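Colleague: When you get a sec, could you give me coordinates for this:
(one chain, ligands or ions: 1)
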Amino acid sequence: MGVKKHAGAAAQEMPVPSETEVAKRVEALLGRMSLEEKVGQLTQVGAAAFAHGPLPEDVIRKGGAGSILWLNDTKQFNALQKIAVEESPSKIPLLFALDVIHGYHTIFPVPLAMASSWDPSVAERSQAVAAKEARAAGLHWTFGPMLDIARDARWGRIVEGAGEDPCLGAAMAAAQVRGFQGPYLGAPDHVVACAKHFAGYGAADGGRDYDPVYLPEGQLRNVYFPPFEAAVRAGVGTFMSAYMDLNDVPASGNRFLLREVLRGEWGFKGFVVSDAFAIGNLVIQGFARDGREAAFRALSAGLNMDMASSTYLQHLVGLVKDGTLQVADIEAMVRPILAIKVQMGLFEHPYIDESKLAQVIALPEHKKEARLAAQRSMVLLRNEGKLLPLSKSLKNVAVIGPLADSKEATEGSWMVFGHNPAAVTVLEGIRAKLPGAKVTYAPGPEIRRDLASWFEADTISGGKNAPQTPEQAETAFKTAVATARKAEVVVMVLGENADMSGEAASRASLDLPGRQEELLEAVAALGKPVVLVLLNGRPLSITWATENVPAILEAWEPGSEGGHAVADILFGEVNPGGKLPVSFPRKGSHAPLYYARNLTHSPEGSITYNPRYWDGLPTPLYPFGFGLSYTTFSITNLKVASPQVKVGSSVEVTADVTNTGSVLGDEVVQLYIHQKAGSDSRPKRELKGFERLTLKPGETKTVTFHLGPAELGYWSTSAGKRVQDAEAFDIWVGADSLATLHADLTVVR
Ligand code: BGC
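Modeller: Numbers count the residues shown, from 1 in each chain. Predicted coordinates for the structure are as follows:
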């Protein structure tokens, strides 16, 4: 017996059972459950509004559901739980699950933004607040974090992850798992996390959501797996399988992923849920002949729980009865689900106190955390002539753009089911910061998706209002320019609506949608100082703005307190210190674009001799790891403790960072390596360490990194296994992926 407290036991001290005790209780439960109930535990049912079959109440009463999703109603949770624990045959409590991706009531920056903080503690604290609110609402389990590496900015779901890099991605993965789950599974005020979507989903052909993925094993293991493995190491309770085909085998029927790697190699002991309807979809995908075969193949591949398709419920009992599967096969899948229910304390505390949520969401520290997270996530891309920070004694500021007063765009993609956006917008944040000034506002023409998505009814650009006519858009355009003309300074808030990134929200172009760039050009032509604030869920190709607008702040989708955080930065109360977790391509057609690509036969720098494209530079507009500050830094004195290190040993790398400017600021010091030759060709640069530091003017700090087999080794295609080659390495330490401060290191046997 441990001394920890159970999640449900806010009022009482209640010891958490040991592993052996959990196992004993699970076996006792299995011993009294019918086969039908066991299959029920493998079934997650969509709540009434989404159910494609019988009412959840009836399924639960028969013991046909282990978990419920797409419900966000505390009273209903208790009502359904009552049926499960009082009326179902074995009285096993339900797990209530929902997508709590970047906040429940208090909304945090979208995950791509949180990764821009390069501060895992931001992600950890944000997800801890999200967990506390969600748990108080009666939820037990969130479908997050999303850990898909994304190197193609056209892919809409890039917004849900940590960007293009496995090292940053792994750090953010572990931090989010710790934030959601707390120190142990079942900790009070926390929920079970779910590492999704296993695996490779971010590499969809052409960036088109759900399209097949072809990734050689080396890429999978070196680039796409590390965040997932980090989540396992951090103790994540559950995994979600991805939708798409991975190398011609759907991820939800993929034994290599779910059995060999996840359980076999990484020792994962939790359970795997399919993505929504994914088991049923194996038929549509042309993998299984019918539902029966889909159920058989998914279960055999190692998928424990069927999200929403009812395929397990319909077919598993029959598959056991006709001898295709054994009861033991089913029980093996049920065990980790029951174990998590025991660990969460649901048998002792199945219900939620219905008054708790109101108290929890009123906690002032939640807003404070959200504002801090937003401040730390923003990236200053450009600041010519030190236009920023703006003076607080400005008297007449125009705030222009379709997103300037949009609560939806400020909170961003993936709202919790049923949540009403209530963010402080950029307009509101600026007005609050300048109480004595005239702050005018004009949205300009609206922006909309060309093709609607099935989420669209819930979002700003669809469903609610009829589209603007071209005449209305023209009037809005003219009003916006006229409003800007009267101001001392113009803040343009442009980018993408919340429904323009996320699931089923891929784009072929990365341009500012609608007439936004035209509006930006017209306003810039007025000759006033213009600051561009971007609200968006993916890199955008902002080449014109980069050449013509003096100040650009990438604010992403910054959450509930986003408008305040933008104003804090614009008016210099906070010095921006975020860095890009993704490369910004010059054009959408350059995607996928990422810094860690391999060298080619054509020497680097020979762009004119052998251009990658003849119609423009293929280099990023803003490189991975880039971000400015209101102060300046110098990074010097790079030292590798020893010029040689033995295979299997570690070496220390240090560098000094100095704040050479006149205000307090943050620098993210980054270490990159390149292996010069070896079993395989290796990327020209790979991030292997980073640290975000705060420095006073004139202050110097030393940053220490460790390079050992974990950083210097890799999975080799030639060798068919993980290797650490005895070879020469370049080391760079600096402020972005173009760092020039260099040292040599040789790995020897
Ligand atoms: C998404 C998942 C999500 C699930 C449940 C699916 O469409 O791909 O990320 O967790 O729905 O809402």
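Colleague: Mind telling me which residue of the stretch 101-250 of the chain is nearest the ligand?
Modeller: F143 (3.4 Å; Cβ to the nearest ligand atom). In this view, the C-beta of every residue, glycine as well, is placed from N, C-alpha and C.
Colleague: Which residue is it, in the stretch 251-400 of the chain, that comes closest to the ligand?
Modeller: A276 (3.9 Å).
Colleague: Could you say which helix or strand holds that residue?
Modeller: Using DSSP states H and E, A276 falls within no helix or strand.
Colleague: Quick check, pLDDT for it.
Modeller: On pLDDT, A276 comes in at 96.
Colleague: okay but the residue of the stretch 101-250 of the chain closest to the ligand is in contact with F239, surely?
Modeller: No: the criterion here is Cβ atoms under 8 Å, and F143 misses it with F239 at 10.6 Å.
Colleague: thinking again about what came up before, and the residue of the stretch 101-250 of the chain closest to the ligand, how many neighbours does it have?
Modeller: 23 (other Cβ atoms under 10 Å).
Colleague: Show me the contact partners of the helix or strand bottoming out on mean pLDDT in the chain.
Modeller: Sorting the helices and strands of the chain by mean pLDDT, DSSP states H and E puts helix 56-61 at the bottom, at a mean of 92. With Cβ atoms under 8 Å, 6 or more residues apart in numbering as the test, helix 56-61 has contacts from 40, 43, 45-48, 53, 65, 68, 80, 83-84, 87-88, 94, 313.
Colleague: Mark which of the residues you listed are part of strands, please.
Modeller: Using DSSP state E, the members of those that fall in strands are T43, V45, G46, I68.
Colleague: Now do the contacts for the residue positioned nearest the centre of the chain.
Modeller: Taking Cα atoms, centre = their mean, the centroid of the chain lies closest to G161, which sits 2.6 Å from it. Taking Cβ under 8 Å, 6+ apart, we find G161 in contact with P111, L112, A115, M146, L147, D148, I149, A150, G169, G202.
Colleague: I'd say the fourth one and H197 touch.
Modeller: This points to M146. Yes: between M146 and H197 there is a contact at 6.9 Å, judged by Cβ under 8 Å.
Colleague: mind checking the SS state of the residue in the stretch 551-700 of the chain that the ligand sits nearest to?
Modeller: Of all residues in the stretch 551-700 of the chain, E557 sits closest to the ligand, at 16.9 Å by Cβ to the nearest ligand atom. Three-state assignment for E557 (DSSP: H, G, I helix; E, B strand; the rest coil): coil.
Colleague: quick one: pLDDT of the nearest residue to it once chain neighbours are set aside?
Modeller: Nearest residue to E557, sequence neighbours excluded (Cβ to Cβ, 6 or more residues apart in numbering): G412, at 2.5 Å. Model confidence at G412, given as pLDDT, is 96.
Colleague: Provide the backbone phi and psi angles at N598.
Modeller: phi -80, psi 160 (degrees, to the nearest 10).
Colleague: how about it, what does it touch?
Modeller: Contacts of N598 (Cβ under 8 Å, 6+ apart): S681, R682, P683, K684.
Colleague: Looking at those, state which has the most neighbours.
Modeller: Counting by other Cβ under 10 Å, top hit in the contacts of N598: R682 with 22 neighbours.
Colleague: Now the residue lying closest to that one once chain neighbours are set aside. Its backbone dihedrals?
Modeller: Nearest residue to R682 in three dimensions, chain neighbours excluded: Q675, at 4.2 Å (Cβ to Cβ, 6+ apart). Per-residue torsions, Q675: phi -90, psi 120 (degrees, to the nearest 10).
Colleague: Sounds good, over and out.
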